[in-house]
Structures are given as structure tokens and as C-alpha cells.
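Give me the fold of what follows.
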Amino acid sequence: MSLLLTGKTGQLGWELFQHLRREHDVLAIGREEIDFLDTHLMKSMLKTLPNIDLIVNAAGYTDIDKAEEEPFIAETINAEAVAILAAEASRRKIPMVHFSSDQVFSGWRRTWAYREEEAPVPASLYGWTMLEGERRLRSKLKKHLIFRLSGLYGLRRKNFFTEIVERNR
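This is a model prediction of the structure:
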């Protein structure tokens, strides 16, 4: 299988690339190859890609607090870029896997788990941009999967887990 993976240098994208490339032909792109804020360039670049069977979008603007200060950047990367990828998947008649966030929910409830059919209500601009990306994907492409992640932990870069380990040394 041949696939396009976005976000290749991010925490999730890097891990996905390490695993997927073992059995698949992976064209991995990140900030070095494309500026997700330049939507016109992004559209043009996607049209020039070779045949692919799947798009996996692991790219995202994930700094929850900074998104409030940079709403245009967060919205462009988390919603508009997703819509562009979905439109390209639709044009090619291929499916897309997209990684979103549990931040599409406010977190203000008594029970721990949310159910898939529950209506999202983001409590932050970041959550809103992630939800908007999901909506745009659904509106453009029937064949898709959306995974809402709560947190990512690994040893490769700074995150909650590595901070706790470092503080307890």
C-alpha cells in the first residue's frame, strides 16, 4: 500500500512513520516539505503527488494555550488543511485517516468517557479548530476514520511523561 503521511516530525507522525514504513510505501511530509499555512501551495503540491492509496493526517497545531493567541494559524492547520487533504482524498477516491483531539469536548461532565454519538462542545479555540477539521472532513469525504486522542507520550520529545520523569530524578 502506498500512502501519504502528514506531520512526519511531530510526536505522532514520527512514530507512525517508523511503523508504517516497514510494510508500506510511505510518502511522509512535514513542515520541511510544505507550509500548511500556504493553502494554495498545499493544494498544488497535493495534485502533483504520485498515486497513493490512503492519506494519514497526523499534522496539527497542538499547543492548546498558544492557539488562543494565534487563532488564524490554529484554524488554518487544524481545519482548513484537513479540508484540503479531504478534498484531495475525495478527488483521488481514496480514504483518509485523521487524528483529532478529545478537546472537542468541554470536559465538564461527571462521567469519564464520552460516547461517539455525543455532541461535542469545545471549551477552547483549539478544541473548536479540531472539531471544525472533523466537520470539514466529514462533509468532503465519506470514507474516513477520525481518532480523538487524549494525550501522547513517548521518549523522543518533551511531553507530560518526560517532564514528570525529569522532575523526579
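
which stretches of the chain form strands?
Here the chain has its strands, by DSSP state E, at 2-6, 25-29, 54-57, 96-101, 144-149.

Just put the ones you listed in JSON lines and tack on distance to residue 85, mean pLDDT and mean neighbour count.
C-beta here means a position set from N, CA and C on the backbone, and glycine is covered the same way. As requested, those are exported to JSON lines (distance: least, Cβ to Cβ, whole Å; pLDDT from 0 to 100; neighbours: other Cβ atoms under 10 Å):
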{"stretch": "strand 2-6", "distance to residue 85": "7", "mean pLDDT": "97", "mean neighbour count": "22"}
{"stretch": "strand 25-29", "distance to residue 85": "11", "mean pLDDT": "96", "mean neighbour count": "18"}
{"stretch": "strand 54-57", "distance to residue 85": "5", "mean pLDDT": "98", "mean neighbour count": "23"}
{"stretch": "strand 96-101", "distance to residue 85": "6", "mean pLDDT": "95", "mean neighbour count": "23"}
{"stretch": "strand 144-149", "distance to residue 85": "10", "mean pLDDT": "92", "mean neighbour count": "15"}
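
The ones you listed: which one's closest to residue 71?
strand 96-101 (16.1 Å; Cβ to Cβ).

May I have the closest one as PDB, with CA atoms only?
What follows is strand 96-101 as a C-alpha-only set of coordinates in PDB (Å, rounded to 0.1, in the frame of the first residue of the first chain):
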ATOM      1  CA  MET A  96      -8.300   9.200   4.900                       C
ATOM      2  CA  VAL A  97      -7.300   8.700   8.500                       C
ATOM      3  CA  HIS A  98      -7.400  11.800  10.600                       C
ATOM      4  CA  PHE A  99      -6.200  12.300  14.200                       C
ATOM      5  CA  SER A 100      -8.200  14.800  16.300                       C
ATOM      6  CA  SER A 101      -8.400  15.500  20.000                       C
END
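
which residues sit against it?
Residues outside strand 96-101 that contact it (Cβ atoms under 8 Å, 6 or more residues apart in numbering) are 12, 54-58, 60, 62, 82, 85-86, 89, 126-127, 130-131, 133-134, 137, 141, 143-150.
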